[in-house]
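K.L.:
pasting the sequence and the predicted coordinates here, then a few questions.
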Amino acid sequence: GFISTFYFIVAILSSPIGGFLGDRISKKYLLIAALCFWSGFVLLMTFMTSYWPFVIVNGLSCAGVRMFTNMSATIIAGLFDKESLGMLYGFYFLSVPVGIGLGMIVPKSVEEATGDWRTSLRITPGITLFCASIIFFLLNDPPKGAGGRKEEEKENPASFWSDFKYLISIKSYILLVIGLACRSFLSTILSYFGASVFQAAARHYEGSLPFPVEKVARILGVFMIVGGVLGLGIGQVSNYYLGAKFYKYAPLLIGISYLLGVPTICGSLLLADQNIIAAMVLYASFICIIYTFQAWCQKISLGIMLPSKRVLGNSLLTMVTTIFGSASSPFIFGSIVDWINPTGAEDKLLEAKRSTFILGYVIFGIGGISWILMMFFFNKDTEAVDKALQSDPIKETMDIEAQKHPMLEISLRKKKKKQLREMKLTGSQVDME
């Protein structure tokens, strides 16, 4: 219990610190340092032989994770123009369902093959360091102006409190934090207890289950990957064809998807002991629903903040979702389950968990309502950011800086070609008239 508590205490403390640094120093080298920090402590953790050193090392590894996740999305925003972000975030967030699904499949398989759970953790640092080396050789920092921080800000950077006051003055940001925190609450208890509901339900089949009970979690992981990939794929296609036209309604669409997700996941857990395959299909459908607009969520979060405040904004968002989701929801869920089933009887455990999930459904529904309420402020907040960026003289240097940065140069070239095609079409219509 305290292992997880200390881990999330470090997450809460490190998120705003990482965000403050990420807005002021090289994101590239901070990203590499975060990856090396994380992978080093994960590897060290596998050699711990006593409780307290394990608790401390495991907790410190979280600092690297939070710095990496807070900065990675903002780097993408600095390298590409607004029109490309929807598609790119779709690929970026593909890592979430695939990673969670593989996390349910690979470690157990490696443990069974080697007979030691530590081996599955020792694989991770090697992969992480390989990724860090790729970042070192291939990634350039966003060019001057792409980060949105003016020269005078670099010489006299704004204080943490001035940035914080700016962020909490954005109504859309406050509602965004509420919506994602509510989602974090349900997704965390699903990741902790969802598979156990299916495993408990599988024992009711008395030999009629189409696969061994021990493989329930792995099969559920496969369904999660399929649901996540399908959802992100639908999101990619819808963003490509409809993104420009319906982006101003994005909070409403996300809110509706949350409200549709409530009966879907509820039906999945209720069906688990009656038709487990149908229940897993509904579970995958829920994952599909919430990941359909995942890229839009990130695009919205960056669109309502000035670029110079984005890393801090994402860090504070991570801190709140960690407190309300990862850090507290398992404890709240477990306490309610113990209150419903104080004796811990196996025959009552399934119903106790399914009853407790009602709290998650209600909170997730509140998150959907917060997204819908954002519609009243979203367009005003994004227009304020666009207006501020248009009046920023540093933006005039973007084309010059792009010559030094191939990724942004390609993005700008595509944008110019699109503008030329629109000008030609306009000219043709004038000639016809």
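P.N.:
Perfect, thanks for sending it. Residues are numbered from 1 along each chain as shown.
K.L.:
what helix or strand is residue 302 on?
P.N.:
helix 294-303 (DSSP states H and E).
K.L.:
average pLDDT for that helix?
P.N.:
Mean pLDDT, computed over helix 294-303, is 79.
K.L.:
again, but for stretch 258-269
P.N.:
93.
K.L.:
list the buried ones in that stretch?
P.N.:
258-259, 261-262, 264-269 (16 or more other CB atoms under 10 Å). The way it works is simple: take the backbone N, C-alpha and C, and place the C-beta from them, glycine included.
K.L.:
gap between the helix holding residue 302 and the chain center?
P.N.:
On the basis of CA atoms, centre = their mean, to the nearest Å, helix 294-303 sits 10 Å off its chain's mean C-alpha point.
K.L.:
and for stretch 32-40?
P.N.:
Its chain's C-alpha centre lies 19 Å from the corresponding centre of stretch 32-40 when counted by CA atoms, centre = their mean.
K.L.:
who's in contact with that stretch?
P.N.:
If you take CB atoms under 8 Å, 6 or more residues apart in numbering as the criterion, stretch 32-40 is touched by 18, 61, 63-65, 67-68, 71, 124-126, 128-129, 131-132, 135-136.
K.L.:
can you check stretch 50-66 too?
P.N.:
2-3, 6-11, 14-15, 18, 33-39, 41-42, 44-45, 48, 315, 318.
K.L.:
now that stretch: buried residues?
P.N.:
For stretch 50-66, burial by neighbour count (16+ other CB under 10 Å) applies to 54-55, 57-66.
K.L.:
which secondary structure elements does the helix holding residue 302 contact?
P.N.:
With contacts defined as 3 or more CB pairs under 8 Å, 6 or more residues apart in numbering; DSSP states H and E, the packing partners of helix 294-303 are helix 51-79, helix 82-93, helix 171-202, helix 216-246, helix 250-271, helix 310-321, helix 378-390.
K.L.:
to residue 358, which of those lies closest?
P.N.:
Closest to residue 358 of the helices and strands packed on helix 294-303, according to CB to CB: helix 250-271, at 8.1 Å.
K.L.:
let's see the closest one as PDB, backbone CA atoms only.
P.N.:
Taking Å, rounded to 0.1, in the frame of the first residue of the first chain, the C-alpha atoms of helix 250-271 are listed here in PDB:
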ATOM      1  CA  ALA A 250     -14.900  19.100 -29.900                       C
ATOM      2  CA  PRO A 251     -15.700  19.500 -26.200                       C
ATOM      3  CA  LEU A 252     -19.400  18.700 -26.900                       C
ATOM      4  CA  LEU A 253     -18.400  15.500 -28.800                       C
ATOM      5  CA  ILE A 254     -16.000  14.400 -26.100                       C
ATOM      6  CA  GLY A 255     -18.700  15.000 -23.400                       C
ATOM      7  CA  ILE A 256     -21.200  12.900 -25.400                       C
ATOM      8  CA  SER A 257     -18.600  10.100 -25.800                       C
ATOM      9  CA  TYR A 258     -18.100  10.100 -22.000                       C
ATOM     10  CA  LEU A 259     -21.800   9.800 -21.400                       C
ATOM     11  CA  LEU A 260     -22.100   7.000 -24.000                       C
ATOM     12  CA  GLY A 261     -19.200   5.200 -22.300                       C
ATOM     13  CA  VAL A 262     -21.000   4.900 -18.900                       C
ATOM     14  CA  PRO A 263     -23.700   2.300 -20.000                       C
ATOM     15  CA  THR A 264     -21.100   0.600 -22.200                       C
ATOM     16  CA  ILE A 265     -18.600  -0.200 -19.400                       C
ATOM     17  CA  CYS A 266     -21.500  -0.900 -16.900                       C
ATOM     18  CA  GLY A 267     -22.900  -3.500 -19.300                       C
ATOM     19  CA  SER A 268     -19.500  -5.000 -19.800                       C
ATOM     20  CA  LEU A 269     -18.900  -5.700 -16.100                       C
ATOM     21  CA  LEU A 270     -22.500  -6.900 -15.500                       C
ATOM     22  CA  LEU A 271     -22.300  -9.400 -18.400                       C
END
